[in-house]
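1. Here you go, sequence then predicted model.
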Amino acid sequence: MYNINDSVVGNIDFIETRISNFISQRDLSFTIFFNDKRWKKLILRIFTLLMDFINLDQNSKDVAELKNHIYREAVLKFMEVNKNHKMNCDIGMLLEFIKCCRGCCTELIYESFIGKDMDKNVLIKAEEFFDNVEISFCTNWSKIFKNELIKDFKEKNDIIIETLRKSEERYHLLVEQASDGIFIINSLGNFIEVNTIGHMMLKYTHEEIINMNILNMIIPEEFERAQSELNELNLGKHIISEWNLICKDGEVLTVELSAKKLPDTSILVFVRDITQRKIAEKNMRLLEEAINYDRLKTDFFSNISHELRTPVNVIMSALQMCDIFKREDSFEKNKDKLNRYFSIMKQNCYRLIKLVNNLIDITRIDSGYLSLDLNNYNIVNVVEDIILSVSDYIENKGINLIFDTEFEEKTIACDPDKIERIMLNLLSNSIKFTKPGGSIFVNIKEEGKSVIISVKDTGIGIPIEKQKIIFDRFVQVDKSLSRNNEGSGIGLSLVKSLVEMHGGTITLNSIPDMGSQFIIKLPADTLPQAMVSNNNNYINQNNTERINIEFSDIYS
Ligand code: ADP
């Protein structure tokens, strides 16, 4: 074995230092192009050392040309293998290139001994030189690489730590500057972290709120819902909800919250105080209701004035005619006309009475002054009497009236006057909206502990969109001035109130163009014997006047 002299090893180290400088100026995975002058200079320097090492004549004038020749050959050899004009500066590639250089050099040495005695030592020295270059490359490379790696890691680590620090700073600022409360709670609802707005909102200090449980702040009525929403959050669901939280001073805060489970099983909750918004919404609703009510009132007054003015105008016109007859002294001559005017005046007086009665009753119901005069009555008799009293009137209109009952006797506690109001109102509507040839069916039956009275007609029916509001006050399906029937839109609301005063309900089934059915359900209760008045023999006498009043807005 030949020892390489130290100066040569030193030179190789020097080359390595230059390589390391060369590398450190770039990224570790940089690419070397073979036409890069610095690279070429480095390789040529290796060859100079080699020649020095194997005692080649450094002064030969062809030496420079020789070195270039070896370099070119080495590059060509390398390119043959790698088919590339560049190589990545990793140790594998560099060693491969050194191998190419080694091949070229040994070939050259063989060539230089052609025709001479081969000095094997030269060859061995050259091989040894390249071995050392390779070893040196590897050692230095790993050193450089390790250092670079550590340096790089440290730098990157520092950057990461700095980035994290800045990000945490930003995150903290963001959380603290947020206009919403931000809570982090655990899966049981215990507070883990709360921003300033969050604990101030609930009027606790940060120290107080930490370790409290959000479920203990929920108003009792919402506890179950909040508990089940917390369960859903733990299952990973995103919850947007409204909760009412009790503050430290007992005030209740309405909050809108948006919450989601974090990867570490804690829960992030954004909380916005919407108490003021809720109050504003409530005020808005009240305002809308007031506006609607006002609109209803205006509608009502315009309706009522029409309702009042029409009969008054009619009465006035009839009176003017009577006045003319009086001035002409022609009462006797105009007897028939006078009779007609009297009947017109009478009917329009009834209309006015009906309207005033309805208005008075509705006001009395509203103020709680209308009470029932309850007693035990056979409801079949009460209804049947009413039907009998109007049957002629209805038949005269060309409408069939069919009354049917499942039983003859059923005593219940009721006020027969009010039942009459209810029935006459429903019947007058049925007559108004049923053409001659149509039918009205009145039916009584029992259903459980209730008595069912149904008034059904084959009239024009009620549009579906109106059915829900038909029992509201002042509702009229046809509001046009050219409508076929008169009415103030009070009747059904009065009927509903009277039925409800009896503890019953009223419902509607109607199919437009087919007919309507009003179903009254009254409790089949009776008054205890002690409360029963003896004067309970309801005899429906002389209710012609009442019928005239209730039917007064039906055109003859
Ligand atoms: P009105 O005094 O105007 O009749 P109601 O409250 O009794 O007031 O009825 C309200 C509206 O309901 C009526 O204007 C009418 O359009 C409709 N209505 C009530 N009963 C019937 C019915 N049997 N058939 C068709 N429409 C009806």
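-> Okay, I see it.
2. what's near enough to touch the residue of the stretch 51-200 of the chain found nearest the ligand?
-> Nearest residue of the stretch 51-200 of the chain to the ligand: residue 180, at 50.6 Å (CB to the nearest ligand atom). C-betas here are computed from N, CA, C, even on glycine. By CB atoms under 8 Å, 6 or more residues apart in numbering, the residues touching residue 180 are 197, 270-272.
3. Check the gap between it and residue 192 for me.
-> Distance, residue 180 to residue 192, by CB to CB, to the nearest Å: 17 Å.
4. Now for the most centrally placed residue in the chain: which residues touch it?
-> Taking CA atoms, centre = their mean, the centroid of the chain lies closest to residue 240, which sits 8.5 Å from it. Residue 240 is in contact with 256-258, counting by CB under 8 Å, 6+ apart.
5. could you redo those residues as CSV and give each row neighbour count and secondary structure?
-> CSV is the format used below for the contacts of residue 240 (neighbours: other CB atoms under 10 Å; DSSP: H, G, I helix; E, B strand; the rest coil):
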residue, neighbour count, secondary structure
256, 16, strand
257, 21, strand
258, 14, strand
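6. can you give me the helices in the stretch 101-250 of the chain?
-> 120-177, 196-201, 206-209, 223-234 (DSSP state H, counting those that start in this stretch).
7. who's in contact with the shortest one?
-> The list of residues contacting helix 206-209 from outside it, by CB under 8 Å, 6+ apart, reads 191, 194, 196, 198-199, 202, 248.
8. Any chance of CSV for the contacts of residue 180, columns secondary structure, distance to the ligand and pLDDT?
-> Shown next, in CSV, are the contacts of residue 180 (DSSP: H, G, I helix; E, B strand; the rest coil; distance: CB to the nearest ligand atom, whole Å; pLDDT from 0 to 100):
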residue, secondary structure, distance to the ligand, pLDDT
197, helix, 54, 94
270, strand, 50, 95
271, strand, 49, 94
272, strand, 46, 93
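9. Which single one of the residues you listed is nearest to residue 425?
-> Among the contacts of residue 180, residue 272 lies closest to residue 425 (CB to CB), at 51.8 Å.
10. Could you check how many residues crowd around that closest one?
-> The number of residues packed near residue 272 is 16, by other CB atoms under 10 Å.
11. Can you name the residues that contact it?
-> With contact set as CB under 8 Å, 6+ apart, residue 272 has these partners: 180-181, 255-257.
12. just the buried members of the contacts of helix 206-209?
-> Applying a neighbour-count criterion of 16 or more other CB atoms under 10 Å, the buried members of these are 191, 194, 198-199, 202.
13. which one among the residues you listed gets closest to residue 346?
-> residue 202 (73.1 Å).
14. from the middle of its chain, how far away would stretch 96-107 be?
-> In terms of CA atoms, centre = their mean, to the nearest Å, the centre of stretch 96-107 is set 75 Å apart from its chain centre.
15. what residues does it touch?
-> Here stretch 96-107 makes contact (CB under 8 Å, 6+ apart) with 43, 46-47, 50, 70-71, 73-75, 77-78, 81-82, 87, 123, 126-127, 130, 133-134, 137.
16. Let's test this: mean pLDDT of that stretch, rounded?
-> The average pLDDT for stretch 96-107 rounds to 78.
17. buried sites along stretch 549-556?
-> 549-554.
18. For the nearest residue to residue 238 once chain neighbours are set aside, give the beta-bridge partners.
-> Using CB to CB, 6 or more residues apart in numbering and skipping residues adjacent in sequence, the residue nearest residue 238 is residue 260, 4.8 Å away. For residue 260, the beta-bridge partners are residue 268 (DSSP bridges).
19. so who does residue 260 touch?
-> 233, 238-239, 267-268.
20. Now list the buried members of those residues.
-> 233, 239, 267.
21. TSV for the residues you listed, including distance to the ligand?
-> Formatted as TSV, the buried ones among the contacts of residue 260 follow (distance: CB to the nearest ligand atom, whole Å):
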residue	distance to the ligand
233	51
239	46
267	55
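22. re the thing from before, for the contacts of helix 206-209, name the two members farthest from one another.
-> 196 and 248 (15.1 Å).
23. ranges for the helices of the stretch 301-450 of the chain?
-> 335-366, 379-396, 416-432.
24. nearest to the ligand, of those helices?
-> For those, the distance to the ligand is smallest for helix 416-432, at 3.3 Å, taking CB to the nearest ligand atom.
25. Can you spell out which helices and strands pack onto that closest one?
-> Secondary-structure packing of helix 416-432 (3 or more CB pairs under 8 Å, 6 or more residues apart in numbering; DSSP states H and E): helix 379-396, strand 439-447, strand 450-457, helix 491-501, strand 515-523, helix 544-550.
26. Look at the residue of the stretch 51-200 of the chain closest to the ligand and report its pLDDT.
-> Looking at residue 180, its pLDDT is 91.
27. Distance of it relative to residue 204?
-> From residue 180 across to residue 204, the span is 17 Å (CB to CB).
28. okay if I get the contacts of residue 260 as a markdown table plus distance to residue 168?
-> Below are the contacts of residue 260 laid out as a markdown table (distance: CB to CB, whole Å):
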| residue | distance to residue 168 |
| --- | --- |
| 233 | 25 |
| 238 | 25 |
| 239 | 27 |
| 267 | 21 |
| 268 | 16 |
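29. Residue 464: which of those is nearest?
-> Lowest distance from residue 464 to the contacts of residue 260 (CB to CB) belongs to residue 239, with 37.9 Å.
30. Name whatever forms a beta bridge with the closest one.
-> Beta-bridge pairing for residue 239 (DSSP bridges): residue 259.
31. measure it to residue 179 for me?
-> Residue 239 is 21 Å from residue 179, by CB to CB.
32. before we move on, what about residue 456?
-> Using CB to CB, one obtains 61 Å as the distance from residue 456 to residue 179.
33. Please identify which of those two sits among more neighbours.
-> Under the criterion of other CB under 10 Å, the comparison of residue 456 against residue 179 puts residue 456 first, with 20 against 7.
34. Quick check: the gap between the more buried one and residue 402.
-> 9 Å.
35. interface residues of the stretch 301-450 of the chain facing the ligand?
-> Counting by CB under 6 Å from any ligand atom, the stretch 301-450 of the chain comes close to the ligand at 429-430, 433.
36. quick one: which helix or strand includes the residue in the stretch 151-300 of the chain that the ligand sits nearest to?
-> Nearest residue of the stretch 151-300 of the chain to the ligand: residue 300, at 11.4 Å (CB to the nearest ligand atom). Residue 300 is part of helix 275-327 when elements are defined by DSSP states H and E.
37. roughly how far is stretch 98-117 from the heart of the chain?
-> 84 Å.
38. wait, stretch 157-175
-> Its chain's C-alpha centre and that of stretch 157-175 lie 35 Å apart, by CA atoms, centre = their mean.
39. got a list of what residue 184 touches?
-> Shown in contact with residue 184 (CB under 8 Å, 6+ apart): 191-194, 262, 266-269.
40. Could you export the residues you listed as a markdown table, including pLDDT and distance to residue 317?
-> Shown next, in a markdown table, are the contacts of residue 184 (pLDDT from 0 to 100; distance: CB to CB, whole Å):
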| residue | pLDDT | distance to residue 317 |
| --- | --- | --- |
| 191 | 95 | 81 |
| 192 | 94 | 85 |
| 193 | 92 | 84 |
| 194 | 94 | 80 |
| 262 | 93 | 84 |
| 266 | 94 | 85 |
| 267 | 95 | 79 |
| 268 | 95 | 79 |
| 269 | 95 | 75 |
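41. want to throw the helices and strands packed on helix 416-432 into TSV with mean pLDDT and distance to residue 107?
-> Shown next, in TSV, are the helices and strands packed on helix 416-432 (pLDDT from 0 to 100; distance: least, CB to CB, whole Å):
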stretch	mean pLDDT	distance to residue 107
helix 379-396	92	129
strand 439-447	96	117
strand 450-457	97	119
helix 491-501	94	117
strand 515-523	97	116
helix 544-550	83	131
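42. Now distance to residue 165 too, for these, in TSV please.
-> Shown next, in TSV, are those (distance: least, CB to CB, whole Å):
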stretch	distance to residue 165
helix 379-396	86
strand 439-447	78
strand 450-457	77
helix 491-501	72
strand 515-523	75
helix 544-550	87
